[in-house]
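In: I would like to see how this sequence folds:
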Amino acid sequence: MSKLVIIPTQKEYDYFLASAKSEIHQFEQCSIGKVPVVRFPNIDIVVSCGGLGKVQFAIHTQYLIDQNPEWEFVICAGAAGALVDNLNIGDIVVATETVEHDIYNRFGPPLLPKFRGDETAVTHLKSLPLLNSFQIHFGPIASGDEDVIDIKRKNEIQKLTNGLAVAWEGAGGARACVFNDVPFIEMRGISDGADSTASSDFENNLESVINNIATLFLCWAKR
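Out: Residues are numbered from 1 along each chain as shown. Coordinates of the predicted model:
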């Protein structure tokens, strides 16, 4: 069975593919249904661009599962903002759980859906050899359709979710996978500190961050 890597934005997708193609020279551009993908047959992975936001990402994930229900894992991979101080730019957070933080329920108790990362995938990733250029962390990732660009909001989300990092799409992919009983894991590279300089930091660091994600993922896929 193949691993399916779904990457949110076109820029992240392009950087991931460029990094992967520089190391794995055999690949093919094709389609699954009406969705264009890139296959790396030697390591049995498929890469697709899922789109921005939880809903778009969930629709894309569901469509690819409908076309092929037998994925070994579905991986949401992209950039994220750090919610804690011990993360450096370029570090990677693997989600032990993805926590949806932006459901503003006023009629009843607060809702904070949590989706556990696949334990087999987490175990595999924990067993990989250390990589010199960045660190790998394991813990919750907060998910919501919101750019976090100030310290107050960053601290609110961290307190609510106990997350190490915050990004957009993970909960959408997780919901589709849980519904279909397909293993899911979220993997995010730290591009910024979810603070006042997040926008420029994101742009400046995105390529190197996605390169790190590709490095980690290829290390996993080759084992």
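In: which one is the most centrally placed residue in the chain nearest to, not counting chain neighbours?
Out: Using CA atoms, centre = their mean, the residue of the chain that lies closest to the mean C-alpha position is Ala77, 2.8 Å off. Nearest in space to Ala77, with sequence neighbours left out and distances taken as CB to CB, 6 or more residues apart in numbering, is Met187 at 4.7 Å. Glycine gets a C-beta too; all of them are placed from N, C-alpha and C.
In: quick revisit: which other helices and strands contact whichever helix or strand the residue nearest to the centre of the chain is part of?
Out: Following DSSP states H and E, one finds Ala77 within strand 73-82. Here strand 73-82 touches strand 3-7, helix 10-23, helix 54-67, strand 165-167, helix 170-180, strand 184-192, helix 198-222, going by 3 or more CB pairs under 8 Å, 6 or more residues apart in numbering; DSSP states H and E.
In: I'd like those as CSV, with mean neighbour count and distance to Ser48 appended.
Out: Output for those, formatted as CSV (neighbours: other CB atoms under 10 Å; distance: least, CB to CB, whole Å):
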stretch, mean neighbour count, distance to Ser48
strand 3-7, 26, 5
helix 10-23, 17, 8
helix 54-67, 19, 6
strand 165-167, 29, 17
helix 170-180, 24, 11
strand 184-192, 27, 14
helix 198-222, 18, 14
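In: Quick check: what element follows the strand holding Ala77 along the chain?
Out: Counting by DSSP H and E, the element after strand 73-82 in chain order, helix or strand, is strand 92-100.
In: ok, that next one: who's next to it in the sheet?
Out: strand 114-116 (antiparallel), strand 136-143 (parallel), strand 184-192 (antiparallel) (DSSP bridges).
In: Keeping just the C-alphas, turn it into CSV.
Out: Coordinates of the C-alpha atoms in strand 92-100 are reproduced here as CSV (Å, rounded to 0.1, in the frame of the first residue of the first chain):
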residue,chain,number,x,y,z
ILE,A,92,9.4,19.4,12.8
VAL,A,93,6.5,18.6,15.0
VAL,A,94,4.8,15.2,14.5
ALA,A,95,1.3,15.3,15.9
THR,A,96,0.5,12.8,18.6
GLU,A,97,-3.0,14.4,18.3
THR,A,98,-4.5,17.1,16.1
VAL,A,99,-6.7,19.4,18.1
GLU,A,100,-9.4,21.5,16.4
